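J.: My questions are about this predicted structure, shown below with the sequence.
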Protein chains: 2
Amino acid sequence: MAVRPKVVVVGAGFGGLQCAKALTGKPVDVLVIDDRNYHLFTPLLYQVASCLLAPAEIATPLRTLFRHALNVRYRQGRVEHVDTTAKSVTLADGDVLGYDALVLATGSTTNYYGKSDVEAQALGLKDLGEALRLRNHVLTCLERAVIEPEGDDRRRHLTFCVVGGGPTGVEYAGALAELVRLVLPREYPELDHRDVRIVLVEGTDRVLPTFPPRLSAYAQKTLERLGVEVRCNSLVDSADDRSVTLVDGTHYPTYSVVWAAGVRPADPLDEPPGASSGRIVVDDHLRVVGSEGVYAIGDVAAGHDHQGATLPMLATPAMQEGRYVARDIAEGPLPKPFRYRNRGTLATIGRSAAVGKVGPFQFTGLFGWLVWLTVHLYYLIGFGNRVRVLARWAYYYTRLERPVRIIAKADDRP
Amino acid sequence: MAVRPKVVVVGAGFGGLQCAKALTGKPVDVLVIDDRNYHLFTPLLYQVASCLLAPAEIATPLRTLFRHALNVRYRQGRVEHVDTTAKSVTLADGDVLGYDALVLATGSTTNYYGKSDVEAQALGLKDLGEALRLRNHVLTCLERAVIEPEGDDRRRHLTFCVVGGGPTGVEYAGALAELVRLVLPREYPELDHRDVRIVLVEGTDRVLPTFPPRLSAYAQKTLERLGVEVRCNSLVDSADDRSVTLVDGTHYPTYSVVWAAGVRPADPLDEPPGASSGRIVVDDHLRVVGSEGVYAIGDVAAGHDHQGATLPMLATPAMQEGRYVARDIAEGPLPKPFRYRNRGTLATIGRSAAVGKVGPFQFTGLFGWLVWLTVHLYYLIGFGNRVRVLARWAYYYTRLERPVRIIAKADDRP
């Protein structure tokens, strides 16, 4: 019996998961390595942070996803080193695993651009631990504000500064504003919801800068109607434990700096081949330049479209890349290079308002929101999760509730 | 306008919640103080620890529960000191709050009986943080067992020692055995589920010692059919980071000691009036002996039935006490003393098997399980939670799934 080639997929985000799924049933043995034992549907992470969804509704155990994939195994672990000569990866627990083909799909992590003071204070919104921490933090701020007498410290507990006007910042700021407007009047009689201040800070001249200007304008208007102060052309200069200061000197007393201003590739290669973005340089077959049998996909890789433009760090290119690489591995080198098909972009701003662009079509408002809802349910992993999330949206969007408002975390003894 | 009496309720478990609810609309101002911002339905906590339910399904925000109770306010905080002379409570954050009537309903916490080595190693199952930690721990053990080569360390990762054969220990051991039997064969091809060892250690001569002997025998038989080793007449002597040892010398190599062997009152009074159990001594109106306007209910109090027997530390007496105290406060001293009505006891052992005793009736098996299911759904707080939990049970008990198998916790930066 011939030895089956061993494919190691590092990371089970959108790219890695699609790759492993596309390799299911092919004549290879696949090992998926991820520190997390679940696939996370990151586009809805802000809904966990804003008390609408429970973590398990957007996180599916990897072993469940690969249950019927007899040639796919999962191994919990973190890759610390890749030896492209010996064709092996070294894990944090010391194990060394060989490969015939390696797919690096390690994604990205919050990027503080070297601002260590901001990093020490800010709350990220990139993985489940950060989202749960943010949820607990916001709820705790509201409880503290109830206790504080009126004055500076109360205002500080009620001021939330969201940095970054991309989809994550816009969606979270909108959801936070809705949480405040829906829940405070009914359940915090001690507070006036108009005392809550939500500031969205964006470095460029408009929110959602990767969207058409008309959609940016609509998004900003919708946010402002929800009570969010939108500050464009603004950058964060510094932060301490009681405030954040912008480059133009504006000073916001706050305990809450939510950082959605950028991500950086989470590169497991010790010496990234030096793309200025930090993303791994790949050829038009998504092979890592200068090594054999190594692919990189998704946020960690600098894949490009047929016009040479680097692809955005989004789920869609990662998924397409994952499927392409699976075919390139299973069916030998593909004659055609990888070609990205832009399916469009979507972002939602609170209940029943979203913006989107698909091909030449732009849409806003309720129609945009229905498209957003359909697309996200379609891509959400697992039938049970789809049913549950749809039921939750149907129930809570109409009832104007935000149910998952518990301050809870696992005990943290070693 | 007359000043309305101020009632402070410390703790929002079963007793405190019932008391506050019964005071709703009465001519008093109620302040509920709890460190947790939710009411926890502890009877189903073991289902969170065993991956069947999500935390928010058994935890309801207190502010939601009191939304329509205009004379009830909630304040997050922990009472550190009670001054019965000055009639005030001091919180951990320094605030001092006066009261006209005080209801101590602080419940209980895990009791390690002074065994500090066990406390350092063991995993409790009494609050949400402990349950989430236990869930993460068990899932991590399974992932580690996959990685370890066959041998001692693998067996150690697959051995789970549950200490305490009361309802919590029995229900968790049964649920853990089901988790292993359902999930491992399908999703852990690397492991043989028969290598998993679950030991239930009980100090008396039978599990569920407060139930009739016939029901204990049935429970033990059902557990054994699920693969649980039941060790009665056994006490834990010591534990270290790799094993647990019983008093008779039996040594179990394990990383997992689950402690369900007892609880102790969480008493906020600095000088407990010296009941040997540590529970606060109360008179037949549940007033704390030797102070004025102070009541104690639930696990923290040594309430007794009309025959003088101390009441068990369970939800039912706490709820009845809470309602009685509310009436005693609102309607002046009640002519009749508190009288406990025993509604019976229930415990479930895995899917479709439970034991129960209601008055002269004892029941087991599927019928007992249906009673258990009905009672728990009835008492579960919140319509949404009832619907969700019922849907989950219906879906996952028939599909034999355990969906919430994610290793997740909130990030733990300060």
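T.: Good, I have the coordinates.

J.: okay, CA-based contacts and neighbour counts for the rest of this
T.: Fine.

J.: for the stretch 151-300 of chain A, which spans come out with low pLDDT?
T.: Low-confidence segments of the stretch 151-300 of chain A, defined by pLDDT under 70: A:270-276.

J.: And A:Val325, how far from chain B?
T.: Per C-alpha to the nearest C-alpha, to the nearest Å, A:Val325 is found 26 Å from chain B.

J.: part of a helix, is that residue?
T.: Yes. Membership of A:Val325 in a helix is supported by DSSP: H, G, I helix; E, B strand; the rest coil.

J.: Pull the contacting residues for A:Arg386.
T.: A:Arg386 sits next to A:Leu377, A:Tyr378, A:Leu380 when contact means C-alpha atoms under 8 Å, 6 or more residues apart in numbering or on different chains.

J.: ok, so of those, who is nearest chain B?
T.: Nearest to chain B among these: A:Leu380, at 15.2 Å, using C-alpha to the nearest C-alpha.

J.: What is the neighbour count of the closest one?
T.: By other C-alpha atoms under 10 Å in any protein chain shown, the residues close to A:Leu380 number 22.

J.: wait, what's in contact with it?
T.: With C-alpha under 8 Å, 6+ apart, A:Leu380 has these contacts: A:Phe41, A:Ile58, A:Arg386.

J.: what do you get for A:Leu286?
T.: Residues in contact with A:Leu286 (C-alpha under 8 Å, 6+ apart) are A:Tyr295, A:Ala296, A:Ile297, A:Gly303, A:Glu321, A:Val325, A:Phe338.

J.: Take those and lay them out in TSV including distance to A:Val183, neighbour count and secondary structure.
T.: Output for those, formatted as TSV (distance: C-alpha to C-alpha, whole Å; neighbours: other C-alpha atoms under 10 Å in any protein chain shown; DSSP: H, G, I helix; E, B strand; the rest coil):
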residue	distance to A:Val183	neighbour count	secondary structure
A:Tyr295	47	28	strand
A:Ala296	44	34	strand
A:Ile297	41	32	coil
A:Gly303	43	31	coil
A:Glu321	42	29	helix
A:Val325	46	29	helix
A:Phe338	48	21	coil
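
J.: Between the residues you listed, which sits nearest A:Phe363?
T.: A:Glu321 (27.1 Å; C-alpha to C-alpha).

J.: Indicate each strand paired with the one helix or strand A:Thr90 maps to and its parallel or antiparallel sense.
T.: Assigned by DSSP states H and E, A:Thr90 belongs to strand A:88-91. Note on strand A:88-91: by DSSP bridges, its sheet partners are strand A:79-83 (antiparallel), strand A:96-98 (antiparallel).

J.: A:Glu130 touches B:Lys409, doesn't it?
T.: No. Using C-alpha atoms under 8 Å, A:Glu130 is not in contact with B:Lys409; the gap is 9.0 Å.

J.: Output the below-cut-off pLDDT ranges for the stretch 1-150 of chain A.
T.: Ranges of the stretch 1-150 of chain A meeting pLDDT under 70: A:1-2.

J.: what does it put close to chain B?
T.: Contact residues (C-alpha under 8 Å from any C-alpha of the partner chain) of the stretch 1-150 of chain A with chain B: A:36-38, A:54, A:56, A:59-61, A:63-64, A:66-67, A:75-76, A:128-133, A:143-144, A:146-147.

J.: list the contacts for A:Val82?
T.: With contacts defined as C-alpha under 8 Å, 6+ apart, A:Val82 is in contact with A:Ser88, A:Val89, A:Thr90, A:Pro268, A:Leu269, A:Asp270.

J.: nearest to B:Gly262, of those?
T.: A:Thr90 (44.2 Å).

J.: Number of residues surrounding the closest one?
T.: By other C-alpha under 10 Å, 17 other residues sit near A:Thr90.

J.: Return the residues in contact with it.
T.: Neighbour list for A:Thr90: A:Val79, A:Glu80, A:His81, A:Val82, A:Asp83, A:Val96, A:Leu97 [criterion: C-alpha under 8 Å, 6+ apart].

J.: So which of those residues is surrounded by the most neighbours?
T.: A:Val79 leads the contacts of A:Thr90 on contacts (other C-alpha under 10 Å) with 25 neighbours.

J.: partner residues bridging it?
T.: Note on A:Val79: beta-bridge partners by DSSP bridges are A:Leu91.

J.: That one contacts A:Ala92, correct?
T.: Yes. Using C-alpha under 8 Å, A:Val79 is in contact with A:Ala92, at 6.2 Å.

J.: Quick one: name whatever helix or strand follows the helix or strand harbouring A:Thr222.
T.: A:Thr222 belongs to helix A:213-225 when assigned by DSSP H and E. Per DSSP H and E, the first helix or strand lying C-terminal to helix A:213-225 is strand A:228-231.

J.: same for that next one, what does it pack against?
T.: In terms of contacts (3 or more C-alpha pairs under 8 Å, 6 or more residues apart in numbering or on different chains; DSSP states H and E), strand A:228-231 is packed against helix A:167-187, strand A:197-201, helix A:213-225.

J.: anything in the longest one near chain B?
T.: Same thing as helix A:167-187. Yes. Using C-alpha under 8 Å from any C-alpha, helix A:167-187 reaches chain B at A:Arg186, A:Glu187.

J.: Only C-alpha atoms, please: export that helix in PDB.
T.: C-alpha atoms of helix A:167-187 as PDB (Å, rounded to 0.1, in the frame of the first residue of the first chain):
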ATOM      1  CA  PRO A 167     -16.400  46.900   9.400                       C
ATOM      2  CA  THR A 168     -15.500  45.600  12.900                       C
ATOM      3  CA  GLY A 169     -15.500  49.100  14.500                       C
ATOM      4  CA  VAL A 170     -18.600  50.300  12.700                       C
ATOM      5  CA  GLU A 171     -20.500  47.100  13.500                       C
ATOM      6  CA  TYR A 172     -19.500  47.000  17.100                       C
ATOM      7  CA  ALA A 173     -20.100  50.800  17.700                       C
ATOM      8  CA  GLY A 174     -23.600  50.400  16.200                       C
ATOM      9  CA  ALA A 175     -24.400  47.300  18.300                       C
ATOM     10  CA  LEU A 176     -23.100  48.900  21.500                       C
ATOM     11  CA  ALA A 177     -25.300  52.000  20.800                       C
ATOM     12  CA  GLU A 178     -28.300  49.700  20.400                       C
ATOM     13  CA  LEU A 179     -27.500  47.800  23.500                       C
ATOM     14  CA  VAL A 180     -27.400  51.100  25.500                       C
ATOM     15  CA  ARG A 181     -30.500  52.500  23.900                       C
ATOM     16  CA  LEU A 182     -32.500  49.300  24.300                       C
ATOM     17  CA  VAL A 183     -31.400  48.100  27.700                       C
ATOM     18  CA  LEU A 184     -30.600  51.200  29.800                       C
ATOM     19  CA  PRO A 185     -34.000  52.900  29.700                       C
ATOM     20  CA  ARG A 186     -35.700  49.700  30.900                       C
ATOM     21  CA  GLU A 187     -33.200  48.100  33.200                       C
END
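
J.: What residues does the residue nearest to A:Ile381 when sequence neighbours are not counted make contact with?
T.: Of all residues not flanking A:Ile381 in the chain, A:Thr60 sits nearest, at 7.0 Å (C-alpha to C-alpha, 6 or more residues apart in numbering or on different chains). Going by C-alpha under 8 Å, 6+ apart, A:Thr60 touches A:Tyr38, A:His39, A:Leu40, A:Ile381, A:Gly382, B:Pro403, B:Arg405, B:Ile406.

J.: Out of the strands paired with strand A:88-91, flag the one nearest B:Thr106.
T.: Using C-alpha to C-alpha, the nearest of the strands paired with strand A:88-91 to B:Thr106 is strand A:79-83, at 46.1 Å.

J.: Touching, A:Leu45 and A:Glu130? I think so.
T.: No. Under the criterion of C-alpha under 8 Å, A:Leu45 is not in contact with A:Glu130, lying 9.5 Å apart.

J.: OK, contacts around A:Leu65?
T.: Contacts of A:Leu65 by C-alpha under 8 Å, 6+ apart: none found.
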